[in-house]
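> Mind folding the following:
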Amino acid sequence: MTHASTEARIAVDTGLARTTWLSGLRVVCAGDSLPLQIAGRTLSQMGAEIVAISPRNAAGAAAELAGYDVVLVDRIEEAKDLPGLPAGRVGDYLEFVAEHNRAVWVTASAFGLADARADAFVSELTLLAAGGILGHSSSGDDLPPTIPAGSIGLKLVGNVIAVAALHGVHANRSGNGPLHVDVSAQGSVIATGLSLEMGHALANCPNEGGSARYGAPTGFFSCTDGSVYVLVLEQHQWTGFREVLAPELDSVPTLEDARQRAEEVNAAMATWASTRTTSECEHILQAAGVPCTTVNTVETFIERAHAVGRPLDLTGPSAAALPALVNEVPEKQPEGRADGPIPLRDLRVLDAGHVLAVPLASAWLGAMGAQVTKLEDPARLDVYRRRGPFASGIPGLNRSGYFNHINFCKASLDVQVDASGSSLNIEPYDVIVNNLSPHRARRVGVDAASVSTAMSPKLQLSSSGFGLTGELAGYRAYGTNIHAFSGLVAASQNARGEMASVGTPWADPLTSVAITAWILAWSLASERWSTVTVDLSMAEVLAAQLVELMGHRPDDTYQPADVGGDFFLSLPGPGRRLAVTLADADDVDKFEALTGSRLPSLQRRGQLLELALGPLADMDDEALQRHLLAAGLRVSIVYTAYDLAKQQELRDNELFQAVESSALGRYFVTGLPWRFAGRAKSPLTAAPERPENNGV
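The predicted structure follows:
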C-alpha cells in the first residue's frame, strides 16, 4: 500500500474521506429505510460494497440473501413487505433468518427481538421518548417536551447498525459461525444519548443529572446579530471569563461563588453580549479559554468549516455519514504485523481521552473484546473521575457515576507528563485515540506527529469539537456548544417558541459511535503498512446528520399532516406524557376507536392534547402503552433515565449489565445495545480503580 494509492482513495478533490478498509465485504440492505440508508452509507464510506433491495427491485432477492457477507434488515418503524422476507410476526421472521443466514445477519427493531414488545414499532418521536431523551428535554410540567429538529434518533440507530454489523463480521471471522445480530433501537438511544443520565440514575447519584449544574454563566445570550451559547464548567474558564468582564464580576472570585450567584453572573453576561456581535463574543471569550460558540444554521456552519480548511462534502450525493479528514504517513520500513485483519481479542487500543466521546467508544470496544487501556495522568485526572456526580452522594475517585458508566472494560496506565516530556510508550498499541486539546495531545505524545514516528503501523484518531485545522482547532466546547455551532439549536424550538437544544448530550455519544466505526473498519483491513491518522470533528459529524434541515427555520409556518401526526397525550401525574405518532388514516381510525375520542386537527408538531380515553381511562401508564402497542400503534411513555433504571426488561435483555468493583461492589452499567441472538452477552468489567486521595 503506497501513499499515492491512499491519496486516490481519500478523494481529496472533494475533501470527503473514504477508505478501502472493508474492500470485498458485500452488504445487502433489505429495504431503503432511513436507518438502512445511513448504515449503508457508513459501511460504503469504509469500502464495503452495498446493494439495496426494495419492493420495486426485490423479485427473487430473498433467495440471494445468503450470498452476502452481511444482511441488514430494519423492523423499527414497520416490517417491510419484501418478497420472500416475512413481514409479519417476529417468530416467523426468526425462522426465516435461521434458515437463510450464512454469515452475519443484522436486524434492528424497536425494542429488540427478545423483548416482549418484539412486534411493536416506533417512530422518530416515540423512539426519543422510549430512549429517555424527551424525558430530559422538558420546558416545564405544564408543557410538552422539546423535540429536536430532524431525524437524529433514527440516523443514530443507522450508525449503530453499521457498528453492530462490523462487530458481527469480527465475531464471524473469529470462528463463531453464522451470527444474527439483534439491535435494539431503544437500547441504541439509551446507551448513547442517555449515557450520562443513565450513569447518574444507575449509580443512585443525588440531585439532577447534567453538567450544566456545575457552571455559570450558562445558556443562550442575545447579541446584536444573533445569539451565542456559553457554558463555564472549570475554574480556569471562570477566571478567563471574569477577566474579560472585569471589573463587573471582581467580587465573584471562584466558580463555586458564580454558581451561588448565577442570576447575577448571567445578567452580567447578557449585558456584555448585548452590545457586541456574535463573532466578537465568540472570539473574545474563546481567546480567554471560555467555551462560547455562535448559534449557526447548518448552512452557516458548513461555510465556516470550509473557510478554515475543512472542505468536507456534507451535502453531495456521495457525502459521508461519518465525515473526517484522513491522512496516511508514508511507509518507513514498519516492523511488526501489517498483513490481515486484527481480531478483536488482539486489538490493542489506548484511550487517551477524557469526559465522554472517546471513553464511551473505547468502552464499547472493550465490551466487544478488544484490549483497551485507559491512560491516566495522576496530576490531571479526568474531570468525570474528579467531579462526579458520585454514587449515593459519597465522594471518591472510584465512585463517579459518569466515569464508571463510560469507562468499563479497561485496564489503567499511569503516565507522567511534565516539562521534560511524557513517559508514554505508544509502541505496544495498534490504535491511539484522544480528544485532548492539540497542545495537551502533543505534551502527552498522542498527537498525529508523535504517533507517526512509531515503527509499527497504527491508527491515530483525534476527536475534537471542530477539527484540528484553522482557527477553530483551539476552540473550547462542550456538547451544547457543538449543538449550537453545527445547526441543531437554530432548527429546534421548545414549546415556548424559544430556540432549544437536546436536553442531554448528543454530539459526544454520536461521535463515540463514529469513533467505534472507524476503528472497527480499520482493524478489518486486509493490509496496514503505514500509520493512518483520522481528524474527527464532532460538529461535522453532527452536521452530517442535519443536512436535510438546510433552509429550515423553527419559526417556519407549521404544515400539519393531512392525517394524524406527532403529538403528546397528557397522562395522570405531574409532567407525565405519552408520545404518539399516527402516520395515516388507518392509525387515526384505530386510535379513535380504542380511546373513544376524536383526534383534533394538530396545529404544531408535538402538540400536547388532553383527551378522554374512554374504555382505557382506568389503565395505568404502562398498561395503556402495552395496549396501544399491541394494537400496532407507535406510542411510548416519555421516560426519564430514572424510569428506565427501574425497568426489569432492560436488565433481562442485558442492556444493563452488572459489574463488580471494590469501591462499589455490584452495580449496573449500560452495555452494548445489541446482542448475538441465542447467546448470552459477554460479561463486562468495572472501570479501573485508583488509590483514594484528597483530590476529590
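> Settle this for me: Ala441 is touching Asn434, isn't it.
Yes. Contact criterion C-beta atoms under 8 Å: Ala441 and Asn434 qualify, at 5.4 Å. No exception for glycine: its C-beta is placed from N, CA and C like everyone else's.
> anything in contact with each of the two?
352, 447, 462 (C-beta atoms under 8 Å, 6 or more residues apart in numbering).
> Which ones among these lie within strands?
Ser462 (DSSP state E).
> Return the closest of the shared contacts of Ala441 and Asn434 with respect to Ser188.
Comparing these against Ser188 with C-beta to C-beta places Ser462 closest, at 25.0 Å.
> Am I right that that closest one is in contact with Ala448?
Yes. Counting by C-beta under 8 Å, Ala448 is a contact partner of Ser462 at 6.8 Å.
> Between those two, point out the one with more neighbours.
Between Ser462 and Ala448, Ser462 has the larger neighbour count (other C-beta atoms under 10 Å), namely 28 against 21.
> Please tell me how far the more buried one sits from Ala441.
Note on Ser462: its distance to Ala441, by C-beta to C-beta, to the nearest Å, is 7 Å.
> Leu672 too?
28 Å.
> next one: Leu644
35 Å.
> Could you do Ala120 as well?
45 Å.
> These two: who's more crowded?
Using other C-beta under 10 Å as the criterion, Ala120 and Ala441 rank with Ala120 on top: 26 against 23.
> check contacts around the more buried one.
Neighbour list for Ala120: 110-111, 629-630 [criterion: C-beta under 8 Å, 6+ apart].
> mind redoing it with 10 Å?
75, 90, 109-111, 126, 130, 186, 625-626, 628-636 (C-beta atoms under 10 Å, 6 or more residues apart in numbering).
> quick one: which of those residues sit in helices?
90, 126, 130, 186, 625-626, 628-630 (DSSP state H).
> Return a selection command, for use in ChimeraX, containing the buried ones of the residues you listed.
Buried subset of the ones in helices among the contacts of Ala120, written as a ChimeraX selection, criterion 16 or more other C-beta atoms under 10 Å:
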select :90,126,130,186,625,628,629
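> Point out where the chain drops to low pLDDT.
For the chain, the stretches with pLDDT under 70 are 1-16, 54-64, 81-86, 141, 208-214, 331-338, 553-560, 694-696.
> By residue count, what's the longest helix in it?
What stands out as the longest helix in the chain, according to DSSP H, is helix 152-171.
> Convert stretch 596-603 to CSV, retaining C-alpha atoms only.
The C-alpha trace of stretch 596-603 is given here as CSV (Å, rounded to 0.1, in the frame of the first residue of the first chain):
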residue,chain,number,x,y,z
GLY,A,596,-63.3,6.7,22.1
SER,A,597,-62.0,10.2,21.4
ARG,A,598,-61.8,12.2,18.1
LEU,A,599,-58.4,13.4,17.2
PRO,A,600,-58.4,17.2,16.7
SER,A,601,-56.5,18.9,14.0
LEU,A,602,-52.9,19.4,15.1
GLN,A,603,-51.6,22.9,14.9
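> quick one: it to chain centroid distance?
How far stretch 596-603 lies from its chain's middle: 35 Å, per C-alpha atoms, centre = their mean, to the nearest Å.
> which residues sit against that stretch?
Around stretch 596-603, the neighbours that count as contacts under C-beta under 10 Å, 6+ apart are 558, 560-561, 563-567, 569, 580, 582, 587-589, 591-592, 607, 609-617.
> Give the ChimeraX command for selecting the buried subset of those residues.
The following ChimeraX line selects those of the contacts of stretch 596-603 that are buried, judged by 16+ other C-beta under 10 Å:
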select :564,565,566,567,569,580,582,587,588,591,607,609,611,613
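> Filter the contacts of stretch 596-603 down to the ones in strands?
Per DSSP E, the subset of the contacts of stretch 596-603 in strands is 565-567, 569, 580, 582, 607, 609.
> could those residues go into CSV alongside distance to Ala216?
Output for these, formatted as CSV (distance: C-beta to C-beta, whole Å):
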residue, distance to Ala216
Gly565, 39
Asp566, 35
Phe567, 36
Leu569, 37
Val580, 38
Leu582, 43
Gln607, 34
Leu609, 37
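> Just the closest of the residues you listed to Met550, please.
Asp566 (21.7 Å).
> what about the spatially closest residue to the closest one that is not a sequence neighbour, neighbour count?
Nearest non-adjacent residue to Asp566, counting by C-beta to C-beta, 6 or more residues apart in numbering: Leu125, 4.5 Å away. Neighbourhood size, Leu125 [other C-beta under 10 Å]: 25.
> Verify the stated contact: Leu125 with Thr146.
No. Using C-beta atoms under 10 Å, Leu125 is not in contact with Thr146, being 11.8 Å away.
> got any residues that touch both of these two?
134, 606.
> residue contacts, Gly665?
Listed by C-beta under 10 Å, 6+ apart, the contact partners of Gly665 are 659, 686.
> give me that answer again for 6 Å
With contacts defined as C-beta atoms under 6 Å, 6 or more residues apart in numbering, Gly665 has no neighbours.
> residue contacts, Cys29?
Cys29 touches 36, 40, 52, 72, counting by C-beta under 6 Å, 6+ apart.
> Could you save these as JSON lines and add columns showing secondary structure?
Formatted as JSON lines, these follow (DSSP: H, G, I helix; E, B strand; the rest coil):
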{"residue": "Leu36", "secondary structure": "helix"}
{"residue": "Gly40", "secondary structure": "helix"}
{"residue": "Ala52", "secondary structure": "strand"}
{"residue": "Leu72", "secondary structure": "strand"}
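> Please identify which pair of those lies farthest apart.
Ala52 and Leu72 (9.2 Å).
> more neighbours, those two?
Neighbours per residue, other C-beta under 10 Å: of Ala52 and Leu72, the larger number sits with Leu72, 30 against 17.
> hey, what's the more buried one bridged with?
Counting by DSSP bridges, Leu72 is bridged to Cys29, Val106.
> Surely it and Val104 touch.
No. With contact defined as C-beta atoms under 6 Å, Leu72 does not count as touching Val104 (9.3 Å).
> coming back round to it: in TSV: the shared contacts of Ala441 and Asn434, plus distance to Ala164.
Output for these, formatted as TSV (distance: C-beta to C-beta, whole Å):
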residue	distance to Ala164
Ala352	26
Asp447	31
Ser462	25
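> Just the closest of the shared contacts of Ala441 and Asn434 to Cys409, please.
If you rank the shared contacts of Ala441 and Asn434 by distance to Cys409 using C-beta to C-beta, Ala352 comes first, at 16.5 Å.
> Am I right that Pro330 is in a helix?
No. Under three-state DSSP, Pro330 falls outside any helix and is assigned coil.
> Count the residues that sit near it.
Neighbour count of Pro330, defined by other C-beta under 10 Å: 12.
> do you know how far it is from Ile147?
Distance from Pro330 to Ile147, counting by C-beta to C-beta: 49 Å.
> Could you chop this structure up by domain?
The chain breaks down into these structural domains: 12-196, 316-472+497-549, 565-642 (assignment by automatic domain parsing).
> Out of these, which is closest to Ser274?
Between Ser274 and the domains of the chain, the shortest gap by C-beta to C-beta is with domain 316-472+497-549, which sits at 16.9 Å.
> And the helices in the stretch 151-300 of the chain, which stretches?
Here the stretch 151-300 of the chain has its helices, by DSSP state H, counting those that start in this stretch, at 152-171, 185-191, 195-202, 235-245, 255-260, 262-273, 278-287, 298-307.
> burial of Asp142, as a residue count?
Asp142, neighbours per other C-beta under 10 Å, totals 11.
> residue contacts, Val358?
Contacts of Val358 (C-beta under 6 Å, 6+ apart): 351, 433, 435, 463.
> which element is it on?
With secondary structure defined by DSSP states H and E, Val358 is part of helix 357-368.
> How about Leu285: what's its closest non-neighbour residue?
Nearest non-adjacent residue to Leu285 (C-beta to C-beta, 6+ apart): Cys292, at 3.7 Å.
> Same question for Ala203.
Ala203 sits nearest to Gly401 (C-beta to C-beta, 6+ apart), 3.3 Å away.
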